[in-house]
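**Student:** Build me a structure from this.
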Amino acid sequence: VSILSLGWALVSDPNGLQNPADLLPASPQAWEAALYLGLVTTALTSFLQTIGQRTIKAENAAIIYALDPVYAAGFSYLLLGEQLGPLGFAGGGLLVAAAV
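**Tutor:** Numbers count the residues shown, from 1 in each chain. Now for the predicted structure:
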C-alpha cells in the first residue's frame, strides 16, 4: 500500500515530493494517529485474524470475511447514522446471497 501511495503521489503531483520531510506527520497528535493506525488497526488485527483462522473452519471464515462490507454498513448506520440507498441494500443482499 505504501508503494502504491508513493506512486500515486508521484503521478498526481511530481513536484510535490521535493522535500520528503513534508510526508512525515507534522504534530505529535498526527504521529500518535499514524502509530495507532499502523500498529492497532493493521498489525494487531492481522495477528488476531491469523490466530482466529487457526481455530475456525475455512468455510466459516470465508463467510465471515465475505460479509465484511455488510458489517461495515451496519456499524456505519449504528455508530455514524449513515443511510443506505436502494443500490446499497441490493448490493448487501447480493453479498449475503453469495456468502450463504
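**Student:** only C-alpha atoms for contact and neighbour calcs from this point on.
**Tutor:** Fine.
**Student:** Look at Gly16 and report its pLDDT.
**Tutor:** Per-residue confidence at Gly16 stands at 67 (pLDDT).
**Student:** Also the one 10 residues further on?
**Tutor:** Looking at Ala26, its pLDDT stands at 83.
**Student:** do you know how far it is from Glu32?
**Tutor:** As for Ala26, its distance to Glu32 is 11 Å (criterion: CA to CA, to the nearest Å).
**Student:** Over to Ala90?
**Tutor:** Distance, Ala90 to Glu32, using CA to CA: 38 Å.
**Student:** Give me the pLDDT value at Pro69.
**Tutor:** The model's pLDDT for Pro69 equals 86.
**Student:** let's have the chain start at 55 instead
**Tutor:** Will do, 55 is the new start, and the previous item becomes Pro123.
**Student:** Packing partners of whatever helix or strand it lives in?
**Tutor:** Counting by DSSP states H and E, the element that carries Pro123 is helix 122-134. Contact partners of helix 122-134 among helices and strands, from 3 or more CA pairs under 8 Å, 6 or more residues apart in numbering; DSSP states H and E: helix 140-153.
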